[in-house]
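K.L.:
Provide a 3D model corresponding to the input given below.
(one chain, ligands or ions: 2)
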Amino acid sequence: MKGSRGVVLKSNRELAIMRRAGRINALALLAAVEAVRPGATTADLNEAAVAVLREYDAEPAFLGYPGAYPYPAATTVCINQELVHGIPGNRRLQEGDLVSIDCGAIVEGFVGDSAITVGVGEISAEAERLIQVTAEALRVGIEAMRLGHRTGDVSAAIQQRVEASKFNVVREYTGHGVGRAMHEDPQVPNYGRAGTGMTLRVGMTIALEPMVLAGRPETQVQEDQWTVSSVDGSLTAHFEHSVAVTPNGPLALTTLDPVLDAGLGDRYNGYFAGFPKPVKDQGARG
Ligand code: MG
Ligand code: MG
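P.N.:
Ligands and ions are numbered 1, 2, ... in the order given. So this is what the prediction gives:
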């Protein structure tokens with residue numbers, strides 16, 4: 001999903017709306033993740049998310065998104081070697097699969113965009129490490145979203161964290177500005193050089209989304225003209241939060257509310273709380 005509408009700085013009032021959109025998107029994503037079990041179809045996960053979007057009168061940001069043909073669902077659901085843009089359908093999850101779910105919600109005209117990867121039941125040690133490293137790459141990316149830093153600092157932090165664990169970042173798809181449009185400037189690739197790129201300013205809102213492959217970094221689009229998979233069939237993982245640059249540091253927008261959603265944010269290594277503390281992992285720190 002590409003395209004850009006320029007960099008748009010958000011006011012505090014607009015950031016408050018984006019926080020509401022982000023929370024609803026987090027609730028939808030959480031519902032989808034909680035529906036993950038052996039035997040569930042990818043459409044079941046999508047429907048769990050749609051029910052939450054409906055409950056909160058949020059519009060699905062992905063539905064109808066322009067491509068080879070309009071995107072036909074509210075979420076993308078990817079299994080194992082599928083990296084992004086998988087169309088939910090009648091395929092069933094199996095014990096040991098990795099499943100990535102990406103969702104977008106429009107609330108009061110603003111988009112929340114976030115994604116998570118989880119295992120189905122027991123997964124291999126390699127799959128578990130891939131999830132942890134990708135989550136950690138998002139966390140270090142968020143931490144780099146500070147005033148005076150540049151987009152290249154964020155990109156480099158993500159790339160270094162991934163490559164320190166001998167995994168690869170995708171080249172063809174990037175993080176992106178997010179706001180009234182799902183894809184605004186700047187693009188923030190998952191690779192880059194520190195000290196380059198656009199300087200981060202207060203009110204910038206960027207969806208950071210490390211997309212990581214256990215094998216070679218090349219991807220290909222499948223016959224359905226949406227689903228993107230690893231060329232070598234290797235496992236992939238994808239985590240995303242929409243994040244604002246504020247005078248007090250980075251603010252993850254697509255998180256649950258610590259009061260309204262008390263207790264739920266602790267699940268999945270703190271992902272739904274925006275990673276308040278480092279996730280456990282065996283690899284080197286970026
Ligand atoms: Mg997304
Ligand atoms: Mg995105």
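
K.L.:
rest of the way, CA atoms for contacts and neighbours
P.N.:
Noted.

K.L.:
Please confirm that Ile106 is located within a strand.
P.N.:
Yes. Using DSSP: H, G, I helix; E, B strand; the rest coil, the assignment for Ile106 is a strand.

K.L.:
What is the burial count for the closest residue to it other than its chain neighbours?
P.N.:
Setting aside the residues directly before and after it, Ile106 is nearest to Glu59 in space (CA to CA, 6 or more residues apart in numbering), at 4.9 Å. By other CA atoms under 10 Å, the residues close to Glu59 number 20.

K.L.:
For Glu108, see how far away Glu59 is.
P.N.:
Distance, Glu59 to Glu108, by CA to CA, to the nearest Å: 9 Å.

K.L.:
Just give me the neighbour total for Gly64.
P.N.:
For Gly64, using other CA under 10 Å, the count is 13.

K.L.:
where along the stretch 151-286 of the chain do the strands fall?
P.N.:
168-169, 175-177, 184-188, 205-208, 211-213, 219-221, 228-230, 236-238, 241-246, 249-252 (DSSP state E, counting those that start in this stretch).

K.L.:
how about the ones you listed in a markdown table, adding mean neighbour count, mean pLDDT and distance to Glu14?
P.N.:
Output for the strands of the stretch 151-286 of the chain, formatted as a markdown table (neighbours: other CA atoms under 10 Å; pLDDT from 0 to 100; distance: least, CA to CA, whole Å):
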| stretch | mean neighbour count | mean pLDDT | distance to Glu14 |
| --- | --- | --- | --- |
| strand 168-169 | 26 | 98 | 32 |
| strand 175-177 | 25 | 97 | 14 |
| strand 184-188 | 23 | 96 | 15 |
| strand 205-208 | 31 | 98 | 11 |
| strand 211-213 | 29 | 98 | 28 |
| strand 219-221 | 18 | 98 | 35 |
| strand 228-230 | 23 | 98 | 33 |
| strand 236-238 | 30 | 98 | 27 |
| strand 241-246 | 27 | 97 | 11 |
| strand 249-252 | 20 | 96 | 14 |
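
K.L.:
From ligand 1, how far off is Lys166?
P.N.:
Counting by CA to the ion, to the nearest Å, the gap from Lys166 to ligand 1 is 24 Å.

K.L.:
Likewise for Val99?
P.N.:
Taking CA to the ion, one finds Val99 at 14 Å from ligand 1.

K.L.:
same thing with Arg129?
P.N.:
Counting by CA to the ion - Arg129 and ligand 1 are separated by 22 Å.

K.L.:
what does the lengthiest helix in the chain contact?
P.N.:
Criterion DSSP state H: the longest helix present in the chain is helix 12-34. Residues from elsewhere that reach helix 12-34 (CA atoms under 8 Å, 6 or more residues apart in numbering): 44-53, 56, 58, 101-108, 110-116, 118, 179, 203, 242, 244, 253-257, 272.

K.L.:
Buried among those residues? Make that a ChimeraX selection.
P.N.:
To isolate the buried members of the contacts of helix 12-34 in ChimeraX, using 16 or more other CA atoms under 10 Å:
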select :44,45,46,47,48,49,50,52,53,58,101,102,103,104,105,106,107,110,111,112,113,114,115,116,118,179,203,242,244,253,254,255,256,257,272
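
K.L.:
Can you narrow the contacts of helix 12-34 down to the ones near ligand 1?
P.N.:
Filtering these for neighbours of ligand 1 using CA under 5 Å from the ion leaves 102, 113-114.

K.L.:
middle-most residue in this structure, spatially?
P.N.:
Glu240 (2.0 Å; CA atoms, centre = their mean).

K.L.:
Hmm, that residue is touching Ile206, no?
P.N.:
No. Assessed by CA atoms under 8 Å, Glu240 is found out of contact with Ile206, at 10.1 Å.

K.L.:
What's the first helix or strand after the helix or strand hosting Asn46?
P.N.:
Taking DSSP states H and E as the definition, Asn46 sits inside helix 42-55. Going down the chain from helix 42-55, the next helix or strand is strand 59-60, by DSSP H and E.
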